[in-house]
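Trainee: give me a 3D structure for the following:
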Amino acid sequence: MAEPLVLLPDLMCDARLYGPQIADLSREMAVMVAPVTGGERVEEVASGLLDLMPRRFALAGLGLGGIVAMELQRRAPDRVSRLMLMSTTPLPETPQQAAERDPLIIKARAGRLDAAVRAMMPGDSLAPGPFKMEILAMLDEMAAGLGVEAFVRQVRILQRRRDQQGALRRMRVPVTVLCGAHDQLFPVKRQAFLAELIPGARLEVIEEAGHLPPLEAPDAVSAAIRAWMKEPLLLR
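Mentor: Numbering: from 1, shown residues only. Coordinates of the predicted model:
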């Protein structure tokens, strides 16, 4: 049987981000979604999650979840058997990028959480399609459920995250970098750069998706996860 699969959601998202994959993949493997809200630094979040994780597991993360996934793999390489990074980045924020996020915290605390979240994940980051408005409505619901303080903690994680390029170059597990062709937040060119950092990594671009492939192209993402889970483990 395949090792357990742990999924980490993006900024202000919960398990509903991976709803289609949970329903599909849980018929043949153990699937767990872990929150990425437990601190204001990625190191703090990763440390807390390791206490909850199986002894050894496959790990996939999207956006902020991908940033936490890279830190988990850096901290516990003996426990992460394989890694899938979706729509994410190994780079730290520049001082200017970090400073530009502070007004969004002020906006969220002033009662405009929906506008703050939408500024970080605008509608045009998704691919055009018949379910785009439904996905955006779900994003609003997930954000409202998590609340303002979760938003503040997650923004702080982004502002204070470390550079993971060195750790990625040393990685020796099966890695797939997955992205949507329409993603304007993390364009394909940047995802190709991410894949090139990691020895043996495979880049998979989903043409009909933007920033949230698990909801925009669920069947394609489930197929990609199955293929990645079947890749042979690499000798260390």
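Trainee: who are the contact partners of the spatially most central residue of the chain?
Mentor: Residue closest to the average C-alpha location in the chain (C-alpha atoms, centre = their mean): Leu62, at 1.6 Å. By C-beta atoms under 8 Å, 6 or more residues apart in numbering, the contact list for Leu62 reads Leu8, Pro9, Asp10, Cys13, Leu17, Met86, Ser87, Thr88, Leu212, Pro213, Pro214. Yep, even glycine has a C-beta here, placed from its N, CA and C like the rest.
Trainee: of those, which is the most crowded?
Mentor: Counting neighbours by other C-beta atoms under 10 Å, Met86 comes out on top of these with 31 neighbours.
Trainee: can you tell me the closest non-neighbouring residue to that residue?
Mentor: Leu62 (4.0 Å; C-beta to C-beta, 6 or more residues apart in numbering).
Trainee: got phi/psi on the residue of the chain most remote from its centre?
Mentor: Residue farthest from the centre of the chain, counting by C-alpha atoms, centre = their mean, is Ala110 at 27.2 Å. In terms of degrees, to the nearest 10, the main-chain angles of Ala110 are phi -90, psi 10.
Trainee: now the contacts of Leu62 in a markdown table, with secondary structure, pLDDT and distance to Leu185?
Mentor: Below are the contacts of Leu62 laid out as a markdown table (DSSP: H, G, I helix; E, B strand; the rest coil; pLDDT from 0 to 100; distance: C-beta to C-beta, whole Å):
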| residue | secondary structure | pLDDT | distance to Leu185 |
| --- | --- | --- | --- |
| Leu8 | strand | 98 | 17 |
| Pro9 | coil | 98 | 15 |
| Asp10 | coil | 98 | 10 |
| Cys13 | coil | 98 | 14 |
| Leu17 | helix | 98 | 15 |
| Met86 | strand | 98 | 12 |
| Ser87 | coil | 98 | 7 |
| Thr88 | coil | 98 | 10 |
| Leu212 | coil | 98 | 10 |
| Pro213 | helix | 98 | 12 |
| Pro214 | helix | 98 | 15 |
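Trainee: looking at these, spot the one nearest Phe186.
Mentor: When those are compared for distance to Phe186 (C-beta to C-beta), Ser87 wins out at 4.7 Å.
Trainee: you'd agree the closest one is up against Asp183?
Mentor: Yes. Ser87 is in contact with Asp183 according to C-beta atoms under 8 Å; the separation is 5.6 Å.
Trainee: residues shared between the contacts of these two?
Mentor: With C-beta under 8 Å, 6+ apart as the test, Ser87 and Asp183 both reach Gln191, His211.
Trainee: which parts of stretch 117-134 are buried?
Mentor: Neighbour-count burial for stretch 117-134 flags Val117, Arg118, Met120, Met121, Ser125, Leu126, Ala127, Lys132 (criterion: 16 or more other C-beta atoms under 10 Å).
Trainee: need the contact list for the last one.
Mentor: Right, the one you point to is Lys132. So Lys132 contacts Gly123, Leu126, Glu216 (C-beta under 8 Å, 6+ apart).
Trainee: now do the contacts for the first one.
Mentor: By C-beta under 8 Å, 6+ apart, the contact list for Gly123 reads Lys132, Leu136.
Trainee: mind telling me what element Lys107 is part of?
Mentor: Lys107 is part of helix 95-109 when elements are defined by DSSP states H and E.
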